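Provided below for reference: sequence and predicted model.
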Amino acid sequence: MPDIFVEEKTKTSDNATHHHVKEGHEKEESEPLMHFPKLTKKSVHLFSSFCENPGDITFKNQEKNEDVLLFVRKHFITNFLWITIGIFLLILPIIIGPIGFLLNISLSFLSAKFVIFFTLFYYLAVISYLFVRFITWYFNVSLVTTDRIIDIDFSDVIYKNLASTTLELVQDVSYTQTGVFRTFFHYGDVLVQTAGENTHFDFDAVPKPEDVVHIIGGLIGKDGNL
């Protein structure tokens, strides 16, 4: 009877040793060449302009082990002018009616069909203007990954340009922040100088420009011009 228990203990020990060796072997095979800290992933919302470690951002031709470290676009406050213009244009027809009544201007000579058609066309043009301006802001983004820097320029629906450079080609990074408005809302322009075909990358009017410089500078082994 004791021999059975001894035999059972030996098998368990052998299996545990074999399992330990197997796990160690798999761990050794999956070990990456470069180590980046495992930071908490964050979500990029509809109106986000700055996000470190975005967990829901992917792009075409992204490598298997390539992680996005930084997502930036123009500060949302830069949309203030066209949003204000759009709101004014939307309420303009409502304002014209009372003003015409006060000035005793009659539009009775216009047919009802013409007024309806012109009103629909007017609002369609205003909404199109707002839509184009929004998607121009929304799709103009810049990404910093563990391997490269990507800059996407999108303008007026019909123009799109994508430029990228590897981190090895980045030579210097700096930022400028001039004016009371930019200082108060804390945004500025980041300039990335490279030795590649595209000699520089501009991140225009991005939030927290000093943080952008610090992140890129850390990846290329520099502190950045803070």
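Yep, it's here. What you see is a predicted model; the values in this text were computed from it and never measured. Residues are numbered from 1 along each chain as shown.

For this structure, which segments count as strands?
50-52, 68-73, 141-145, 148-155, 159-166, 170-176, 187-194, 200-207 (DSSP state E).

If you average the pLDDT over the third one, what comes out?
Regarding strand 141-145, the rounded mean pLDDT is 95.

What strands flank it, and is each parallel or antiparallel?
Looking at strand 141-145 with DSSP bridges, its partner strands are strand 68-73 (antiparallel), strand 148-155 (antiparallel).

what's the answer for the first one, then?
According to DSSP bridges, strand 50-52 forms sheet pairs with strand 68-73 (antiparallel).

now the partner strand and strand 200-207, what's the angle there?
Orientation of strand 68-73 against strand 200-207 (axes from the mean of the first three to the mean of the last three CA atoms, to 10 degrees) gives an angle of 70 degrees.

next one: strand 68-73 to chain centre, how far?
5 Å (CA atoms, centre = their mean, to the nearest Å).

Could you do stretch 87-101 as well?
A distance of 37 Å separates the C-alpha centroid of stretch 87-101 from that of its chain, computed with CA atoms, centre = their mean.

Check which residues of that stretch are buried.
The neighbour-count check on stretch 87-101 (16 or more other CB atoms under 10 Å) flags Leu89 as buried. Bear in mind the C-beta positions are built from the backbone N, C-alpha and C, glycine included.

average pLDDT across that stretch?
Averaged over stretch 87-101, pLDDT sits at 83.

all numbers from here: first residue = 26
Shifting the count to begin at 26 puts that one at stretch 112-126.

Pull out the CA atoms of stretch 117-125 and give them to me as PDB.
Coordinates of each C-alpha in stretch 117-125 appear next as PDB, following Å, rounded to 0.1, in the frame of the first residue of the first chain:
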ATOM      1  CA  LEU A 117     -30.800  83.900 -39.800                       C
ATOM      2  CA  PRO A 118     -34.100  83.000 -41.600                       C
ATOM      3  CA  ILE A 119     -35.900  83.200 -38.300                       C
ATOM      4  CA  ILE A 120     -34.400  86.700 -37.700                       C
ATOM      5  CA  ILE A 121     -35.200  88.000 -41.200                       C
ATOM      6  CA  GLY A 122     -38.900  87.500 -40.800                       C
ATOM      7  CA  PRO A 123     -39.400  90.000 -37.800                       C
ATOM      8  CA  ILE A 124     -36.900  92.400 -39.300                       C
ATOM      9  CA  GLY A 125     -38.800  92.500 -42.600                       C
END
